[in-house]
Structure formats: C-alpha cells, structure tokens
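1. quick check, what structure comes out for this input:
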Amino acid sequence: MNEDMEGNGNLIINVGRQLGSGGRAIAQMLAKDFGCQYYDKGLLDLAAQESGFSKKIFEKSDEKTGFLHSIFHFNAPFINESSWYGNGMSQESLFKFQSDAIRHAAEQGPCVFVGRCADYILRNFDNVVNIFITADIEDRIQQVIEKHGFDHDKALAYIQHKEAARASYYNYYTGKKWGSSESYDLCINSSILGIEKTESFIADFIKLRVD
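-> Down below sits the predicted model:
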C-alpha cells in the first residue's frame, strides 16, 4: 500500500448527490451489492458518541455552515457563545468529531458514505471511489413533490435552499466545488437510465475502478 494511504484496504464508496436525484436509494443499493456498511444520518450517532455532545447538536449542524451563529443569536440568546467555544464547541470542532467518526467507520470495514464531505475526509484512504449523482431538474422536483407534498414552485425553492446549504458546507470544508466533476471519479445523471440501471452502471464502474 502507498505510504501516503491510510486504512486497511476496505472498499469505501462515497456518494454525493443532488436533492431528488435518487442518490440515497442508489447508495443503499450499492451498500447491499458490495456488502458494505451504509452510513448517512447514522454518522451523527457515531459523532455524538465519540464527542459526548448531544446528537441534536450534530443534527442541527448537518451539512450546514453558520449553524452555531444562528443558535447563539436567534434561538438561544441566553447562552454565552464564548463559553461554548471555550469548551471546544465550534463549527470546526463539530466537523472534526464527525470526520473522526467517518475515519473510524472506514477503518472497521467496507463502507458507503452519503455526503458529509466523506470523499475529502477519506482522501488518503486506499480503495476509495467517489461518485456524484445528478438528475434532471423536473425529475428532482417531482421527487420532492411526492415526498413532501409541495407544489411545483415550493419544491423548486426547497431544492435550491437545501442545495445552497449543502454546497456551502462542502466548499467551505474541502476547498473544492460541490458537484464539480474534478472532485469525483464518476458523475452520472440518474434520469438517463433510471435508479436501478444507474446503480448497476455505477457498480460495474466500481468493480473496474478497484480491480
């Protein structure tokens, strides 16, 4: 193994995704096909356990920057901000706890991670495949409408808001651009083949990539 690499040879699949692209469903299928542990929001449990902080703190900060500022100045003005930061509770601290949880999980066995900058956090691990899943905007809007019951305009606004936060988080911590092709091994539009065939295509790619 390259001396710059970490981990123990476990297969690591990192899935970035546009909202409504079917990325989470595809990641779950990949985990099943490759016998990997699947991590999405479950990472927040691991980060909470390792840090000793409440899971709710990680849930509120999940893939969002500026979270602590909003808590201190809008939701809990009675909390002393300096004391929180003095006790290690900063946006960077939360990211570090989550990063440590991701690394520890990757060391334990083959994993599929959804979002949360895992591609960057595990950049020095071997056998890592980074995927980004997109879809046509109308297909994505329809997925959000079906899931949340929004009308067309509200679904579009919801996508734009969520993705702005997701991109800001990724760009801030990685120094890269969320969704940009150079950040991933494969970018694919799930609208072209559909969810199941897209997953099959990605699985074939992964087999070739790590062979």
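2. drop to CA atoms for contacts and neighbour counts, all remaining ones
-> Fine.
3. so, low pLDDT: which residues of this structure?
-> In the predicted model of the chain, residues 1-8, 42, 44-90 satisfy pLDDT under 70.
4. make it 90
-> 1-9, 40-98, 100-101, 116, 210-211 (pLDDT under 90).
5. just the helices in it please.
-> 23-34, 42-51, 55-61, 67-70, 81-86, 91-108, 118-121, 137-148, 152-174, 190-193, 195-210 (DSSP state H).
6. nearest to Ser180 among these would be which one?
-> Ranking the helices of the chain by proximity to Ser180 (C-alpha to C-alpha) places helix 152-174 first, at 10.4 Å.
7. quick check: closest non-adjacent residue to the residue positioned nearest the centre of the chain.
-> Centroid check for the chain by C-alpha atoms, centre = their mean gives Gly115 as the closest residue, at 1.0 Å. Distances taken as C-alpha to C-alpha, 6 or more residues apart in numbering put Gly16 closest to Gly115, at 4.9 Å, once the chain neighbours are dropped.
8. which residues touch the residue nearest to Glu199 when sequence neighbours are not counted?
-> Counting by C-alpha to C-alpha, 6+ apart, Glu199 lies nearest to Ile26, which is 5.5 Å off, once chain neighbours are set aside. Applying C-alpha atoms under 8 Å, 6 or more residues apart in numbering to Ile26 gives the contacts 195-196, 198-199.
9. circling back: pretty sure the residue nearest to the centre of the chain contacts Gln18?
-> No: if you go by C-alpha atoms under 8 Å, Gly115 and Gln18 don't touch, sitting 10.0 Å apart.
10. common neighbours of the two, please.
-> The overlap between the contact sets of Gly115 and Gln18 (C-alpha under 8 Å, 6+ apart) is empty.
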